[in-house]
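Undergrad: only the shape, not the letters, is given here:
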């Protein structure tokens, strides 16, 4: 009986390793496809009216108060998340698993300052400091899901390369703007790629922890934020109370709060022996 059990365990481990290798293969293939698309797709210029947000009212001596102050949610969620991860309230089987989440919440804190700085006087120069920390948070979140659903080592190893690629799309956009031919396409493809991969991971692969489906709520708040952003003027026209862009900040910050609750409440359910 012990021999049969051992053989079964070896077979299960080999099968899982093969499945994970296939998943990594698909992930690499889609990554390469998106890189090629970013290189060959027509240039996507920054819209000339992008900086003309609906709510330009000042308050307390702060210009564009609504769009500036609404970034407080990022700061609170980021600091709360760092306290949960660094304070030991979040459960991790291995200490290295903390790094994607530390970078994610740090990215939220930086987004609060970068976005507030941009909205004080919106222009392309300041927009760079808004978009850069956003890519930091997105890439770190993707790394965290690879860690939990595909493999610890591969997810952690991909963290720095993904951060570099994310930053490169923003640097590239800024360089093309300075050259007089702005191209947002790589940045847009990066965002679409990140959302698509995270949605695939959430629906196709189980997390090693409970509350793994909470990532879908993070996705839902992200989609809602995009809707609010697109309806900036229309929402502000309803009573001139708050703009769609300010609500975008609130909805996006809610993703951070969902991550905080997930990390504080989850438990380990699957051993890492079955992961790469």
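TA: The structure has been received and is ready for your questions. The model shown is predicted, which means the values in this text are computed figures rather than measured ones.

Undergrad: for residue 49, what are phi and psi?
TA: phi -100, psi 10 (degrees, to the nearest 10).

Undergrad: just the pLDDT for it.
TA: At residue 49, the pLDDT value in this model is 87.

Undergrad: and the helix or strand that residue 259 is a member of, what does it pack onto?
TA: For residue 259, the element it lies in under DSSP states H and E is helix 244-265. Here helix 244-265 touches helix 65-69, helix 72-86, helix 98-120, helix 214-230, helix 232-236, going by 3 or more C-beta pairs under 8 Å, 6 or more residues apart in numbering; DSSP states H and E. All C-beta spots, glycine's among them, are computed from the backbone N, C-alpha and C.

Undergrad: relative to helix 72-86, how tilted is that helix?
TA: For helix 244-265 against helix 72-86, the angle by axes from the mean of the first three to the mean of the last three C-alpha atoms, to 10 degrees is 10 degrees.

Undergrad: next, the angle from helix 244-265 to helix 214-230.
TA: Per the same axes, to 10 degrees, the angle that helix 244-265 makes with helix 214-230 is 170 degrees.

Undergrad: closest to residue 176 out of the helices and strands packed on helix 244-265?
TA: For residue 176, the closest of the helices and strands packed on helix 244-265 is helix 98-120, at 18.5 Å, according to C-beta to C-beta.

Undergrad: name the helices or strands packed onto the closest one?
TA: Checked by 3+ C-beta pairs under 8 Å, 6+ apart, helix 98-120 has helix 65-69, helix 72-86, helix 124-149, helix 152-178, helix 244-265 packed alongside it.

Undergrad: tilt between that helix and helix 244-265?
TA: 160 degrees.

Undergrad: quick one, which of the helices and strands packed on helix 244-265 gets closest to residue 262.
TA: Comparing the helices and strands packed on helix 244-265 under C-beta to C-beta, the one sitting nearest is helix 214-230, at 4.1 Å.

Undergrad: so which other helices or strands are in contact with the closest one?
TA: helix 185-204, helix 244-265.

Undergrad: pick the most deeply packed of those helices.
TA: helix 244-265 (a mean of 22; mean count of other C-beta atoms under 10 Å).

Undergrad: now that helix: average pLDDT?
TA: Averaged over helix 244-265, pLDDT sits at 96.

Undergrad: chain center to that helix, what's the gap?
TA: The chain centre lies 11 Å from the centre of helix 244-265; the measure is C-alpha atoms, centre = their mean, to the nearest Å.

Undergrad: of the helices and strands packed on helix 214-230, which is nearest residue 159?
TA: helix 185-204 (13.4 Å).

Undergrad: grab the nearest non-local neighbour of the residue most central in space within the chain.
TA: For the chain, the residue nearest the mean C-alpha position is residue 138 (2.2 Å; C-alpha atoms, centre = their mean). Ranked by C-beta to C-beta, 6 or more residues apart in numbering and with sequence neighbours excluded, the top spatial neighbour of residue 138 is residue 194, at 4.8 Å.

Undergrad: quick one: contacts for that neighbour?
TA: Counting by C-beta atoms under 8 Å, 6 or more residues apart in numbering, residue 194 makes contact with 138-139, 141-142.

Undergrad: so it versus residue 30, what's the distance?
TA: With distances taken as C-beta to C-beta, to the nearest Å, residue 194 is found 11 Å from residue 30.

Undergrad: with residue 82 instead?
TA: 31 Å.

Undergrad: just residue 206 next, same as before
TA: 20 Å.

Undergrad: for residue 242, same thing?
TA: For residue 242 relative to residue 30 (C-beta to C-beta), the value is 37 Å.

Undergrad: sounds good, over and out.
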